[in-house]
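In: sequence plus the predicted model coming up.
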Amino acid sequence: MPFPFDISATDGRARTGLLRTPRGDIRTPAFMPVGTAATVKALTVGQVEQTGADILLGNTYHLMLRPGPERMERLGGLHRFMRWDKPILTDSGGFQVMSLSGISKLTEEAVTFSSHVDGSKHVLTPERSIEIQADRLGSDIVMQLDECVAWPAEESRAREGMELSARWAKRSKAAFGSRDAQALFGIQQGSTFEHLRRESSDRLQDIGFDGYAIGGLAVGEGHAAMCEVLDYAPEMLPADRPRYLMGVGKPVDLVEAVWRGVDMFDCVLPTRAGRHGQAWTWAGPINLKNARFAEDEEPLDPEVPCPASQDYSKAYLHHLVRTDEILGKVLLSWHNIAFFQALTAAMRAAIAEGRFEQFRRDFHARHVSNGR
Ligand SMILES: Nc1nc2c(CCc3ccccc3)c3nc[nH]c3cc2c(=O)[nH]1
């Protein structure tokens, strides 16, 4: 029995709803902060909860290297380990192997790789990835093992990756079996080729998943090319199940993807950029390192309900960034996650009230043009 996904309103292709899981409900459109190594960098789970996040992401690749799957299970699983009792989604690990571990080999059977930490050898099969995610980490939403083909890709290469991912989807589903308290998502591949994405979607639906991710994007193709794929890719997936766009993105990416029917997002940007002084605000992105903030006593963004945006001046944040103080990384990470949550909350309200088109126009006028 898959998690209930109750869509409460639609506005054009945009949807807003509730994905109900045993550990809590996820309001969609949802932004999911990334907690790569069992922590959303620089924030406590209490601060993450205060931002309004309903779900966090974990990373099988990082956690299987440190602390390791069997140790994590002995410690009670990822929720208990990091004291986060709401839903967790974990990626299957293949994407991170390709982007992080220098040496790796991809065959029909598995991905084999050397740890970027100590060079130790590891093997990830669809079955082992499911076992780590579902049984050792204990995540609530599990991703199939897939191959994310680099961009740009020749059509033949994109087809190979899509077909391997479809065969691994079948093996992932078989390994996952039927579980009531956990969900398994399939991942659509096919790079920027519409007919490959169609084939991928059809094969995933024949297998049957609790939710469907759009993979193979946010790999350097850029905003315009991503939107071209999103003009058709989300609606190839079942309308009554959640659609998760992996690795996306900047605020404008979220608005444009929700407009095209996407429900769930993840991105390391808010915390990574926050640690380097970049803050997103309703009036666009700014970098607090810039000298123009040295004596700016205004708060960062009064509309964002978090201490970083309400209690401090930009001058203080500028100082913390310039001196590379830890508190600067904490406050800007906190602010950016709070901004992404405020953005998705505003989109949910706009869709519920049938005014998302106006919201999108206002957002471009206020946030995008300024940012340019
Ligand atoms: N499995 C998979 N992951 C992707 C990620 C990581 C998302 C992630 C999930 C959970 C934790 C961290 C990262 C991508 N990030 C940018 N583009 C991405 C594409 C894919 C993809 O095609 N497949």
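Out: Nice, thanks for sending it over. Numbers count the residues shown, from 1 in each chain.
In: when you work out contacts or count neighbours from here on, use the C-alpha atoms and nothing else.
Out: Noted.
In: and the helix or strand harbouring residue 362, what does it pack against?
Out: Assigned by DSSP states H and E, residue 362 belongs to helix 356-363. Helices and strands touching helix 356-363, by 3 or more CA pairs under 8 Å, 6 or more residues apart in numbering; DSSP states H and E, are helix 251-259, helix 326-352.
In: distance to the ligand and mean pLDDT added to these, as a markdown table?
Out: Shown next, in a markdown table, are these (distance: least, CA to the nearest ligand atom, whole Å; pLDDT from 0 to 100):
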| stretch | distance to the ligand | mean pLDDT |
| --- | --- | --- |
| helix 251-259 | 12 | 98 |
| helix 326-352 | 15 | 98 |
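In: residue 115: which of those is closest?
Out: Counting by CA to CA, residue 115 lies closest to helix 326-352 out of these; the figure is 27.7 Å.
In: buried residues in that closest one?
Out: Neighbour counts over helix 326-352 (16 or more other CA atoms under 10 Å) mark 328-345, 347-352 as buried.
In: run the chain-centre distance for that helix.
Out: For helix 326-352, the separation from the chain centroid amounts to 14 Å (computed by CA atoms, centre = their mean, to the nearest Å).
In: now stretch 133-140, how far from the centre of its chain.
Out: 17 Å.
In: got it, and stretch 238-252?
Out: Remark: stretch 238-252 is offset 8 Å from the chain centroid, using CA atoms, centre = their mean.
In: and residue 95, what does it touch?
Out: Shown in contact with residue 95 (CA atoms under 8 Å, 6 or more residues apart in numbering): 146-148.
In: try 7 Å
Out: 147-148 (CA atoms under 7 Å, 6 or more residues apart in numbering).
In: again with residue 301
Out: Contacts for residue 301 (CA under 7 Å, 6+ apart) come out as 281, 309.
In: before we move on, what's the pLDDT of it?
Out: We have a pLDDT of 94 for residue 301.
In: secondary structure class of it, three-state.
Out: coil (DSSP: H, G, I helix; E, B strand; the rest coil).
In: again with residue 262
Out: Three-state assignment for residue 262 (three-state DSSP): coil.
In: ok, residue 58 next?
Out: Residue 58 is classified as strand under three-state DSSP.
In: quick check: it vs residue 287, distance?
Out: Distance, residue 58 to residue 287, by CA to CA, to the nearest Å: 28 Å.
In: who has more neighbours out of those two?
Out: Legend: neighbour count by other CA atoms under 10 Å for residue 58 and residue 287, higher for residue 58 (25 against 17).
In: specify the local secondary structure of the closest residue to that one other than its chain neighbours.
Out: Of all residues not flanking residue 58 in the chain, residue 90 sits nearest, at 4.6 Å (CA to CA, 6 or more residues apart in numbering). Three-state assignment for residue 90 (three-state DSSP): strand.
In: residue contacts, residue 90?
Out: Residue 90 makes contacts with 57-60, 133, 139, 141-143, as judged by CA under 7 Å, 6+ apart.
In: about what we covered before: quick check: angle from the helix holding residue 362 to helix 326-352?
Out: If you take axes from the mean of the first three to the mean of the last three CA atoms, to 10 degrees, helix 356-363 sits at 140 degrees to helix 326-352.
In: please shift the residue numbers so they start at 10 in all later answers.
Out: From this message on, residue numbering opens at 10, which makes the last subject helix 365-372.
In: which among the helices and strands packed on helix 365-372 is found nearest to residue 171?
Out: When these are compared by CA to CA, helix 260-268 sits nearest residue 171, at 21.7 Å.
In: can you give the contact residues for that closest one?
Out: Contacts for helix 260-268 (CA under 7 Å, 6+ apart): 22-23, 232, 239, 257, 369.
In: now do 8 Å
Out: Against helix 260-268 from outside (CA under 8 Å, 6+ apart): 21-24, 38, 232, 236, 239, 257, 274, 349, 352, 356, 365, 369, 373, 377.
In: rewinding a little: of the contacts of residue 99, which is the most crowded?
Out: Within the contacts of residue 99, neighbour counts (other CA under 10 Å) peak at residue 142, which reaches 30 neighbours.
In: give the contact list for that residue.
Out: Residue 142 touches 69, 99, 101, 148, 151, counting by CA under 8 Å, 6+ apart.
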